[in-house]
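J.: what's the 3D shape of this:
(chains A and B)
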Number of protein chains: 2
Amino acid sequence: MTAKIIDGKAAAAEVRARVAGIAAEFARTTGRQPGLATVLVGEDPASAVYVRSKGKATSEAGMASFSHKLPDTTSETELLHLVDQLNRDDNVDGILVQLPLPPQIDASRVIAAIDPAKDVDGFHPMNAGRLATGLEALVPCTPYGCLYLLKQELGSIAGKEAVVIGRSNIVGKPMALLLIGESATVTVAHSRTRDLPDVVRRADIVVAAVGRPEMVKSDWIKPGATVIDVGINRVPTEDSKSRLVGDVDFAGASERAGAITPVPGGVGPMTIAMLLRNTVVAAHRRAGLSDPKGV
Amino acid sequence: MTAKIIDGKAAAAEVRARVAGIAAEFARTTGRQPGLATVLVGEDPASAVYVRSKGKATSEAGMASFSHKLPDTTSETELLHLVDQLNRDDNVDGILVQLPLPPQIDASRVIAAIDPAKDVDGFHPMNAGRLATGLEALVPCTPYGCLYLLKQELGSIAGKEAVVIGRSNIVGKPMALLLIGESATVTVAHSRTRDLPDVVRRADIVVAAVGRPEMVKSDWIKPGATVIDVGINRVPTEDSKSRLVGDVDFAGASERAGAITPVPGGVGPMTIAMLLRNTVVAAHRRAGLSDPKGV
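T.: Below you'll find the predicted structure:
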């Protein structure tokens, strides 16, 4: 069996096009564009790249992008002051504070200071709790993107055996809660799981989010399973360069799976698409409009 | 194999005795008793019994019990007004609004109005989110009581395969999050699970919380497993009376399990014990004291 390759780039482009349409309609209705504020503290080059591409995607979707860049000597108080300003700014619908933050700043305190209605990363405990209890929430972008790909691929997920490898607050746990909400039978596995190959073998759906290159072996994959690979790991190549690989042995697994996301070009592009999606949804809710359809 | 019967009554009595000691120490330190306010709306006889026994247990533990009884014609606004008063009352450390509420009142709006620091039921989305993200939380009493029994029985749970049957906000989902926090490999099964017997058979730990009498059959239990039965179902007997049974076929399962909770006398008594525990913990946090040890 050769797996269907799930094209995350194409799916993300579709979502972004729909978001752009919704943003334009929102601007016509309310007289202003939905707005996303990004906050970058310090000079981490990877973070700078992420923030820049988020800003660019925001503008391309016809939304206002507010970019805040602070030195890496910024104090927690100064950052909290900026968050407070953004909370009060009516043109800002979404606030994204790029992680990691410098060591003098407690990230959990900063996240808790963001207005949950503007928490487009979905990291605020209030949004985590609303997701956990089945209330309307802003959901973390990466697992929401994974769910989008799964539903596009499979239609209904109800009754399927899903295994989530990894239990982070950003991917593993919200992914499990989303899958439970879709009526899958969900197992959360992690570094302490005794027989991971055996646990993965029973899964119709595998979501790998551990950050270890090609850790999930092809013979762990149940034939026909749908495999979503969240990992993005840079590994050295023989010619002293490097390449990106996922958490799954893609070459082997794509011989057994029914469908699989590649790395790059799978889950990655969905994360930014869902950030834009969360921003237009936050804009609608803040404006007292019902949620936009189709995203 | 004949299972060890896990004595929830004895465990609950121990917790309550320790809570009483902590409450007395708190009163010596702060000059006031920890206080729990209960709110009962309407005349539901079962709810009245629950609230009365919670109030009695509160007093027995040396804590202040504030009982509020409202007619079943109470409006949502009136109930929210009372919650607001209790939020502001410095002698009240815990607020318990007994569910269910009459149909004119939106329970989720009432729960969201309780100060999360006083939410000793652990139902507020903020506490659900703090539990989900591994922050300090007030945890729902029933799953917390189940975890207490499991840790008392097994010591470490890390690496064990746990299956939670049921995905409610009150038991199933918080139970799963607690077990993930203890590094178990956790599966959440429910009514849409395809082959429930097969899923249960792989579990070292089974937590049954479905509310269906004796639904979990003895031959689903892996020999030696630890079985926690959250169900309390009243079923008719041949002599036209009734008896209480759990969600697990206790007679059969106790021939296979390593340890099992009975119904009644298992999880039930732990729920009130953990309510008292949450109340003294809330009192300490509100007073700026570190969490009490041993509960």
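
J.: The one residue in chain A that gets nearest to chain B: how many residues sit nearby?
T.: With CB to the nearest CB, the shortest gap between chain A and chain B falls at residue A:129, namely 2.8 Å. For the C-beta atoms, the positions are set from N, CA and C on the backbone; glycine is no exception. Other residues within reach of residue A:129 by the criterion other CB atoms under 10 Å in any protein chain shown amount to 27.

J.: what do you get for residue A:294?
T.: 10.

J.: how about it, secondary structure?
T.: Following DSSP: H, G, I helix; E, B strand; the rest coil, residue A:294 is assigned to coil.

J.: Hmm, residue B:124 and the residue of chain A closest to chain B touching each other?
T.: Yes. With contact defined as CB atoms under 8 Å, residue A:129 counts as touching residue B:124 (7.4 Å).

J.: Let me see the contact set for residue A:87.
T.: Neighbour list for residue A:87: A:95, A:113-115, A:118 [criterion: CB atoms under 8 Å, 6 or more residues apart in numbering or on different chains].

J.: which of those sit farthest apart?
T.: Largest separation among the contacts of residue A:87 by CB to CB: A:113 and A:118, giving 10.9 Å.

J.: Looking at the two, which is more packed in?
T.: Ranked by neighbour count (other CB under 10 Å), residue A:113 and residue A:118 place residue A:118 first, with 27 against 19.

J.: Check whether the more buried one really touches residue A:91, as I assumed.
T.: No. Contact criterion CB under 8 Å: residue A:118 and residue A:91 do not qualify, at 11.2 Å.

J.: Over to the residue nearest the centre of chain A: give its phi and psi.
T.: For chain A, the residue nearest the mean C-alpha position is residue A:142 (1.6 Å; CA atoms, centre = their mean). Phi and psi for residue A:142, reported as degrees, to the nearest 10, are phi -70, psi -50.

J.: residues touching it, list them.
T.: Contacts of residue A:142 (CB under 8 Å, 6+ apart): A:170-171, A:209, A:230, A:267, A:270-271, A:274.

J.: likewise residue A:220?
T.: Contacts of residue A:220 by CB under 8 Å, 6+ apart are A:196-197, A:200-201.

J.: Most neighbours of all those, which one?
T.: Going by other CB under 10 Å, residue A:200 tops the contacts of residue A:220 with 24 neighbours.

J.: Just give me the closest of the contacts of residue A:87 to residue B:57.
T.: residue A:113 (37.9 Å).

J.: I'd assumed residue A:80 was in contact with the closest one.
T.: Yes. Contact criterion CB under 8 Å: residue A:113 and residue A:80 qualify, at 5.3 Å.

J.: Buried residues, whichever strand or helix holds residue A:81. List them.
T.: Element membership of residue A:81 [criterion: DSSP states H and E] is helix A:76-88. Residues A:76, A:79-80, A:82-83, A:86 are the ones in helix A:76-88 that count as buried (16 or more other CB atoms under 10 Å in any protein chain shown).

J.: For the stretch 151-295 of chain A, list the residues in contact with chain B, please.
T.: A:158-161, A:167, A:169, A:173-174, A:176-177, A:180, A:183, A:185-190, A:192-194, A:199 (CB under 8 Å from any CB of the partner chain).

J.: Only the buried members of those: can you turn that into a PyMOL selection?
T.: To isolate in PyMOL the members of those that are buried, counting by 16+ other CB under 10 Å, one can use:
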select buried, chain A and resi 159+160+161+167+169+173+174+176+177+180+183+185+186+187+188+189+190+192+193+199
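
J.: Inside strands: which ones of the residues of the stretch 151-295 of chain A next to chain B?
T.: A:161, A:185-189 (DSSP state E).

J.: if I pick the nearest residue to residue A:182 once chain neighbours are set aside, what's in contact with it?
T.: With CB to CB, 6 or more residues apart in numbering or on different chains as the criterion, residue A:182 has its nearest non-adjacent residue at 4.4 Å, and that residue is residue A:157. With contact taken as CB under 8 Å, 6+ apart, residue A:157 is in contact with A:150-151, A:179, A:182-184, A:205.

J.: Output the below-cut-off pLDDT ranges for chain A.
T.: For chain A, applying pLDDT under 70 flags the ranges A:1.

J.: Skip ahead from the biggest helix by length in it and say which helix or strand is next.
T.: Of all segments of type helix in chain A, defined using DSSP state H, the longest is helix A:8-30. The helix or strand immediately downstream of helix A:8-30 is strand A:35-41, counting by DSSP H and E.

J.: Now the element after that next one, going C-ward?
T.: Next along from strand A:35-41, by DSSP H and E: helix A:45-60.

J.: Give me the domain ranges for chain A.
T.: Following automatic domain parsing, chain A resolves into domains at A:30-116, A:141-269.

J.: Looking at those domains, which one is packed in the most?
T.: Of those, the one with the most neighbours on average (mean count of other CB atoms under 10 Å in any protein chain shown) is domain A:141-269, at a mean of 21.

J.: measure it end to end?
T.: 11 Å (CA to CA, to the nearest Å).

J.: now the contacts of residue A:220 as JSON lines including secondary structure and distance to residue A:220?
T.: Below are the contacts of residue A:220 laid out as JSON lines (DSSP: H, G, I helix; E, B strand; the rest coil; distance: CB to CB, whole Å):
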{"residue": "A:196", "secondary structure": "helix", "distance to residue A:220": "7"}
{"residue": "A:197", "secondary structure": "helix", "distance to residue A:220": "5"}
{"residue": "A:200", "secondary structure": "helix", "distance to residue A:220": "4"}
{"residue": "A:201", "secondary structure": "helix", "distance to residue A:220": "6"}
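
J.: Spell out the secondary structure type for residue A:235.
T.: strand.

J.: quick revisit: out of the contacts of residue A:142, which one sits closest to residue B:257?
T.: Looking across the contacts of residue A:142 and measuring by CB to CB, the closest to residue B:257 is residue A:209, at 33.6 Å.

J.: for the closest one, phi and psi?
T.: phi -140, psi 70.

J.: Wait, it touches residue A:164, no?
T.: Yes. Using CB under 8 Å, residue A:209 is in contact with residue A:164, at 7.0 Å.

J.: Residues that sit against both of the two, list them.
T.: With CB under 8 Å, 6+ apart as the test, residue A:209 and residue A:164 both reach A:172, A:175.

J.: just to revisit the earlier point, the contacts of residue A:157 in helices, which ones?
T.: A:150-151, A:179.

J.: which bits of the stretch 1-150 of chain A sit near chain B?
T.: Counting by CB under 8 Å from any CB, the residues of the stretch 1-150 of chain A that sit close to chain B are A:108, A:123-135.

J.: Was I right to think residue A:75 contacts residue A:106?
T.: No. Using CB under 8 Å, residue A:75 makes no contact with residue A:106, being 11.1 Å away.

J.: follow-up on the earlier one: what sits closest to the residue of chain A closest to chain B if chain neighbours are left out?
T.: Per CB to CB, 6+ apart, closest to residue A:129 is residue B:129, 2.8 Å.

J.: what packs against the strand or helix carrying the one you found?
T.: Per DSSP H and E, residue B:129 falls inside helix B:125-132. For helix B:125-132, the elements it packs on are helix A:125-132, helix A:172-181, helix B:172-181, judged by 3 or more CB pairs under 8 Å, 6 or more residues apart in numbering or on different chains; DSSP states H and E.

J.: could you check the angle helix A:172-181 makes with that helix?
T.: Between helix B:125-132 and helix A:172-181, the angle comes out at 120 degrees (axes from the mean of the first three to the mean of the last three CA atoms, to 10 degrees).

J.: Contacts for helix B:125-132 next, please.
T.: Counting by CB under 8 Å, 6+ apart, A:124-133, A:135, A:169, A:173-174, A:177, B:111-112, B:116, B:119, B:122, B:136-139, B:169, B:173-174, B:177-178 sit against helix B:125-132.
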